[in-house]
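sequence first, then the predicted structure:
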Amino acid sequence: MTAQVFATVQRIASNLFQVPLRQIAPNSSPETIQAWDSIQQLNLVLALEQEFDVQFEPEELEQIHCIDDIVQLLENKVRFPS
Amino acid sequence: MEMQNQQEDIAKLIASGAAGEAKVALEEFWRAQKTPGAAAFVISCYEKLRGRLSLAPYRLAILRSFTVEPAVPLLRAAAFVNGFDLSVQTGDFNAYAQEILDADSSLYKFQPDAAVLAVQTRDIAPELWRDFTDLESGESIRAAERVTNDFRHWIQMFRKHSNAYLVVHNLEQPAIPSEGLLDVQSANGQSAMIRSVNEKLCAIAQEIRGTYLLDYDALTARFGRFAWHDERKWLTVRLPIAASHLIHLADEWLHLILPLSGKLAKVLVVDLDNTLWGGVIGEDGMDGIQLGLEHPGAAYQALQRAMLDLYHRGILLAVCSKNNQDDAMAALEKHPGMLLRPQHFAAMRVNWADKPKNLREIAEELNVGLNSLALLDDNPVERRHVRLNLPEVVVIELPNNPMDYARALREDPAFERVRLSAEDRERSKYYNVQRERVQLEQSCGSREDFLRNLKQEARIARVSSTTLPRVAQLTQKTNQFNLTTRRYSEQDIAQIGARPECGVLSIRVKDRFADNGLVGVAITRDKDGACELDTFLLSCRVIGRDVETALLSYLADGARARGCHLLQGWFFPTKKNAPAKDFYSIHGFEVVEQNEKGSLWSLDLANSGVHPPEWIKVVAAEEEEQ
């Protein structure tokens, strides 16, 4: 499951940040990816909400610091739909 | 995974230099998933294809009271797919008023072609939104007036500082009014007050040139107000619109950009079998095809109704179908379910020839460029064939279910107009009359005979407030008989017309068959004894009838009377204006300057002139009615 979620996040992040797929790793973050600014983070969140048909809570958005944070949040949402 | 493969395929097409195929693949890719990720990919591809595709540059400024940034890539991707290379500047958050009022702001430095004023009811009129029940009686009307006055002031100031088009979002209604059911019972309720602001906005937009409305209230209602809004994102990042609806806002912007930029499809070419009716006329026969008030024929009648609406918007209809002519004509003429009849179609190609060949012929017959055609065809193979072979033609994507055809046609931006001239409304009639002219021409022995018989009368007048929109429209739409192809907005024309050294003239041509309407524009500029033709253009409707000579002769006389010694004009060749290429040389002008963009032609007014054609009666009118 995690691999599948990660692959989707990786594909969308790679498109949005305009970097090759392999450059998106679980520990990728605004520090390692130049294009990852607050607007692009919002775009990423919106894209994932659409892709997975979920909604992030305001508190959850504050917890996002790297790709893996996003994957974990999505995992929980997909496994335990509210 | 499929998306990944598609992206790789497109990347390969781009790398191998197959720009045309890459474009078609990108269109298909974008249509299948209009998401932020897809948008980023589409943009990056088009940026690589720049220079290899024909893309019109356009500059859009967005003034806003909320977060619009995530909609911008969606808009740019959609614009690329529609043939635009769009530069977007978003104003600072909630700084729209300062940016409009300050002549030196980044808004005006950006020099946009159009600006969007995207403000929400809750930001600009909190007392009409959240705090409505706090208002004492009478205060709600004053609040609505205050908001209306703010809008008027901003729009006036914008117009003072800029000639760009301005698109104003109107005010949305709340999903549930503050007073619940009571609201609709009252003439001064919350909904009524917001509606009154929108009505006044409509009047302001008509009053201040180049201002158009985006019906944001209708947009949110179309998709459902609850679904449209995302309260979480509003409270956290000031984005009021749910992720899945951002594309619809971007699409609505695009719907306005197309007609404002002059990118207009003029002809809807339609297939017959399984498009205009269900089934195949050659096999199922008149009684077997589906077309009528009941299912399944109702879907096709709904599509015909949508086409009829376009017909009344001045869009020409044409048929292009692989069929036996007799079968098709019988259905068009006699089938009781048909809303469209042969007289609604300006051109018909019913044969077994290749569609691109037929489309070329239709464009030629109607005297329009291929980029003025849009094709509606149920067959995806034909659609793809046309996309690849005639990339200029707009190919409308149709869903699989015929019940969705009418909506798909209505949703397509190709036929959007923000205003209609009298000529637009009458367009289809002109083409019917044109057939009578062709018959006359065939019955006359010579061209001269024909022109004499035509009894043309040309009225030449200075531009007035009534003709100004049509004059601007002609500068934007005329491609063939256009010597300089300079595009002007209404605001530009108003400014040029006010300059003492300039003249903006329109020409209206009547003949024994009909009034052709306002069909030509000339803009002159006098400088140091030379009168320069900044613009000289003629609608294809009257090309080849010596109207151009009559207008030029009038201009030469006028220039001489004002004391000019020379009549001059540039010819800038384009892909489409070959019909105007010999205009100056035919009339005795000589080349005096040449550069990479074109050639400057000059006529010595002291020693020569332009003979007016004796078969056109020229009337100098004070003012032209529209």
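Perfect, thanks for sending it. Numbering: from 1, shown residues only, chains lettered A, B, ... in the order given.

hang on, B:Trp277 packs against B:Ile289?
Yes: judged on C-beta atoms under 8 Å, B:Trp277 makes contact with B:Ile289 at a distance of 4.5 Å. C-betas here are computed from N, CA, C, even on glycine.

and the most centrally placed residue in chain B, what's its pLDDT?
In chain B, the residue lying closest to the centroid (C-alpha atoms, centre = their mean) is B:Pro259, at 2.6 Å. For B:Pro259, the pLDDT comes out at 93.

now the one 3 residues further on
Listed pLDDT for B:Gly262 reads 84.

same check, this time on the one 3 residues further on
Among the per-residue scores, B:Ala265 holds a pLDDT of 94.

neighbours around it, how many?
Using other C-beta atoms under 10 Å in any protein chain shown, B:Ala265 has 24 other residues around it.

which secondary structure state is assigned to it?
Per DSSP: H, G, I helix; E, B strand; the rest coil, the local secondary structure of B:Ala265 is coil.

pretty sure it contacts B:Leu375?
No: B:Ala265 lies out of contact with B:Leu375 (C-beta under 8 Å); the separation is 9.6 Å.

any chance you could map the helices in chain A?
Secondary structure of chain A by DSSP state H: the helices cover A:2-17, A:38-52, A:58-62, A:67-79.

hang on, the earlier thing: common neighbours of B:Trp277 and B:Ile289, please.
Here B:Trp277 and B:Ile289 have B:297, B:331, B:335 as joint contacts, going by C-beta atoms under 8 Å, 6 or more residues apart in numbering or on different chains.

name the element the second one belongs to?
Okay, so that is B:Ala331. Following DSSP states H and E, one finds B:Ala331 within helix B:325-334.

contacts for the helix or strand following that helix?
Downstream of helix B:325-334, the next assigned helix or strand under DSSP H and E is strand B:345-351. With contact meaning C-beta under 8 Å, 6+ apart, strand B:345-351 is reached by B:267, B:272, B:316-325, B:328-329, B:332, B:342, B:358, B:361-362, B:365-366, B:428, B:431-432.

just to revisit the earlier point, shared neighbours, B:Ala265 and B:Leu375?
Common neighbours of B:Ala265 and B:Leu375 (criterion: C-beta under 8 Å, 6+ apart): B:Val394.

returning to that earlier point: who are the packing partners of the host helix or strand of the residue nearest to the centre of chain B?
Take DSSP H and E as the rule and B:Pro259 turns out to sit in helix B:246-261. When contacts are defined as 3 or more C-beta pairs under 8 Å, 6 or more residues apart in numbering or on different chains; DSSP states H and E, helix B:246-261 packs onto strand B:56-64, helix B:71-81, strand B:84-90, strand B:114-118, strand B:165-169, strand B:211-214, helix B:216-223.

report the angle between the longest one and strand B:84-90.
When you say that, I think you mean helix B:71-81. If you take axes from the mean of the first three to the mean of the last three C-alpha atoms, to 10 degrees, helix B:71-81 sits at 160 degrees to strand B:84-90.

for helix B:71-81, name the packing helices and strands.
Secondary elements touching helix B:71-81 (3+ C-beta pairs under 8 Å, 6+ apart): helix B:19-32, helix B:36-49, strand B:56-64, strand B:84-90, helix B:246-261.

CSV for the helices and strands packed on helix B:246-261, including mean pLDDT?
Shown next, in CSV, are the helices and strands packed on helix B:246-261 (pLDDT from 0 to 100):
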stretch, mean pLDDT
strand B:56-64, 97
helix B:71-81, 97
strand B:84-90, 97
strand B:114-118, 98
strand B:165-169, 98
strand B:211-214, 97
helix B:216-223, 98
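
can you put these in JSON lines and add distance to B:Gln442 and mean neighbour count?
Conversion of the helices and strands packed on helix B:246-261 to JSON lines gives the following (distance: least, C-beta to C-beta, whole Å; neighbours: other C-beta atoms under 10 Å in any protein chain shown):
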{"stretch": "strand B:56-64", "distance to B:Gln442": "39", "mean neighbour count": "21"}
{"stretch": "helix B:71-81", "distance to B:Gln442": "44", "mean neighbour count": "24"}
{"stretch": "strand B:84-90", "distance to B:Gln442": "43", "mean neighbour count": "19"}
{"stretch": "strand B:114-118", "distance to B:Gln442": "46", "mean neighbour count": "24"}
{"stretch": "strand B:165-169", "distance to B:Gln442": "44", "mean neighbour count": "25"}
{"stretch": "strand B:211-214", "distance to B:Gln442": "44", "mean neighbour count": "19"}
{"stretch": "helix B:216-223", "distance to B:Gln442": "50", "mean neighbour count": "17"}
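
helix or strand with the lowest mean pLDDT in the chain?
Went with chain A since none was named. In chain A, no helix or strand scores lower on mean pLDDT, DSSP states H and E than helix A:58-62, which sits at a mean of 90.

nope, chain B please
helix B:422-443 (a mean of 82).

output the following helix or strand past that one in CSV with nothing but the alpha carbons.
Of the helices and strands lying after helix B:422-443 in sequence (DSSP H and E), the nearest is helix B:447-454. Taking Å, rounded to 0.1, in the frame of the first residue of the first chain, the C-alpha atoms of helix B:447-454 are listed here in CSV:
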residue,chain,number,x,y,z
ARG,B,447,-16.7,41.7,-64.7
GLU,B,448,-17.5,45.3,-65.5
ASP,B,449,-21.0,44.4,-66.5
PHE,B,450,-21.4,42.6,-63.2
LEU,B,451,-20.1,45.5,-61.1
ARG,B,452,-22.3,48.0,-63.0
ASN,B,453,-25.3,45.7,-62.4
LEU,B,454,-24.5,45.4,-58.8
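
quick one: list the elements packing against helix B:447-454.
Looks like helix B:447-454 contacts helix B:422-443 (3+ C-beta pairs under 8 Å, 6+ apart).

what is the burial count for the residue in the stretch 451-600 of chain B that chain A sits nearest to?
Chain A sits closest to B:Ser489 of the stretch 451-600 of chain B, with a gap of 31.6 Å, by C-beta to the nearest C-beta. B:Ser489 has 20 neighbours, counted by other C-beta under 10 Å.

how about the residues of chain A near chain B?
Within chain A, the positions adjacent to chain B are A:11-12, A:15-16, A:18, A:39, A:42-44, A:46-47, A:49-51, A:55-58, A:61 by C-beta under 8 Å from any C-beta of the partner chain.

go again with 6 Å.
Counting by C-beta under 6 Å from any C-beta of the partner chain, the positions of chain A adjacent to chain B are A:12, A:15-16, A:18, A:39, A:42-43, A:46-47, A:49-50, A:58.

do you know how far the residue sitting nearest the centre point of chain A is from B:Ala556?
For chain A, A:Ile70 is the residue whose C-alpha lies nearest the centre (C-alpha atoms, centre = their mean; 4.4 Å). Distance of A:Ile70 to B:Ala556, computed by C-beta to C-beta, to the nearest Å: 72 Å.
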